[in-house]
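**Student:** Give me a model of this one.
(one chain, ligands or ions: 1)
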Amino acid sequence: MDRKAIQSHWQNWAETYRDSLRATTKTSSIKALEIDALRRAILGSPLHNNENLKVLEVGCGNGYNCLSLLQSFPGADITGVDFVPEMVDHARENLSQQDKSLGNQLRFLVGDVLQLDEHPELAASYDVVFTDRCLINLPTQEMQEQGLIQLCRKVNQDGILLLIENQTQTHGNQNRLREALGMDARKAAEFNLFMDQAKLIKTVESQGFKLQDIDHFASLHDILLYVLVPFMNGGQVDYDAPIVHAATELLLKAQQDTPHGFGDYGQNPLFIFSRTEQ
Ligand SMILES: C[S@@+](CC[C@H](N)C(=O)[O-])C[C@H]1O[C@@H](n2cnc3c(N)ncnc32)[C@H](O)[C@@H]1O
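**Tutor:** Model (predicted):
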């Protein structure tokens, strides 16, 4: 798909699913794990003592990550940007359904990850810049590289860059498990181009960052959702399978006790980069 068709896809989901989580994901369980991973990454960084964190999410959809992070970091100033105006409208609706006074601390703007430095309403830099399944919507590796560079430029000197983006490598690992059980490999959606892990790290490190960690927070969840449940279920992925929700509960309660404990099978790990050595 080209960029216009990808944008139409997201516009269509925004118009169909409006302020619901379904506008950006089919999986409420993965959303809970993503938010938890972002929160833990900030708390595990030298920024954990900063009560006035300045945060930017690019590709924010209808705002679930930003709204949740504001609950975890009540002093933060958060900006969400998305290139689909209808997503931004629904993010603003979700915000207004919560405490109206939060509008001073959280705003949603229309903008493109490829043109962040031209955006008149964005600050020069932020303590935390993050994406969650945004760059995979850029249709070429060159555009993904440009997007990464744009994001890097928005991180301040002591800041961190957090990227939750689907990887060809971890997706491949997951597919090998499926094939071991006699199932076909799953393909990426036509509006996604999964990223190459080595290229992602090389590009970000070339901008003066250091990779601190890769959090494979969804491995157990994804092995169940995409391998074992389909194996027991005639090949069907079942987003509501009780075992998937039980695994999510376990991971939310005990992730810190099992770092890297379930391998690298989650298709969208979290890459944690810092500007400076930590
Ligand atoms: C899978 S959704 C994820 C939304 C949100 N990050 C979340 O985790 O709930 C991807 C979002 O990225 C947005 N997006 C895709 N390409 C973009 C671009 N070039 N610039 C800004 N946003 C983009 C889409 O409109 C969509 O809302």
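
**Student:** quick one: the residue sitting furthest away from the middle of the chain and the ligand, what's the gap?
**Tutor:** Most distant from the centre of the chain: G182, at 30.4 Å, with distances by C-alpha atoms, centre = their mean. Going from G182 to the ligand by C-beta to the nearest ligand atom, to the nearest Å gives 30 Å. Just so you know, the C-beta spots here come from the backbone N, C-alpha and C atoms, and that holds for glycine as well.

**Student:** Checking that residue next. Helix, strand or coil?
**Tutor:** coil (DSSP: H, G, I helix; E, B strand; the rest coil).

**Student:** pLDDT wise, what is it at?
**Tutor:** Reported pLDDT at G182 in the predicted model: 97.

**Student:** Repeat that for the one 4 residues further on.
**Tutor:** Among the per-residue scores, R186 shows a pLDDT of 96.

**Student:** Which positions within the lengthiest strand in the chain qualify as buried?
**Tutor:** In the chain, with assignment by DSSP state E, the single longest strand is strand 155-164. For strand 155-164, burial by neighbour count (16 or more other C-beta atoms under 10 Å) applies to V155, G159, I160, L161, L162, L163, I164.

**Student:** Need the max-distance pair from the residues you listed.
**Tutor:** G159 and I164 (16.9 Å; C-beta to C-beta).

**Student:** For the residue sitting nearest the centre point of the chain, list the residues it contacts.
**Tutor:** Among the residues of the chain, the one closest to the centroid is D132, at 1.5 Å (C-alpha atoms, centre = their mean). Applying C-beta atoms under 8 Å, 6 or more residues apart in numbering to D132 gives the contacts E34, L38, E57, G59, N65, I164.

**Student:** Now it. Nearest residue, chain neighbours left out?
**Tutor:** I164 (4.4 Å; C-beta to C-beta, 6 or more residues apart in numbering).

**Student:** Quick check: pLDDT value at that neighbour.
**Tutor:** At I164, pLDDT is 98.

**Student:** so it makes contact with R133?
**Tutor:** Yes. Assessed by C-beta atoms under 8 Å, I164 is found in contact with R133 at 6.4 Å.

**Student:** tell me, what's touching these two both at once?
**Tutor:** Counting by C-beta under 8 Å, 6+ apart, the residues touching both I164 and R133 are N268.

**Student:** how much space between the residue nearest to the centre of the chain and Y265?
**Tutor:** 19 Å (C-beta to C-beta, to the nearest Å).

**Student:** Could you do W10 as well?
**Tutor:** 27 Å.

**Student:** Who has more neighbours out of these two?
**Tutor:** Between W10 and Y265, counting by other C-beta atoms under 10 Å, Y265 is the more crowded of the two (23 against 20).

**Student:** And the strands in the stretch 51-200 of the chain?
**Tutor:** 54-58, 77-82, 106-110, 126-132, 155-164 (DSSP state E, counting those that start in this stretch).

**Student:** So what are the sheet partners of the first one and their directions?
**Tutor:** On the basis of DSSP bridges, the sheet neighbours of strand 54-58 come out as strand 77-82 (parallel), strand 126-132 (parallel).

**Student:** so where do the helices sit in the stretch 101-250 of the chain?
**Tutor:** Ranges of helices in the stretch 101-250 of the chain, per DSSP state H, counting those that start in this stretch, are 141-153, 168-180, 197-205, 219-223, 229-232, 242-254.

**Student:** Give me the buried positions along the second one.
**Tutor:** Judged by neighbour count (16+ other C-beta under 10 Å), helix 168-180 contains these buried residues: T170, H171, N173, Q174, N175, L177, R178.
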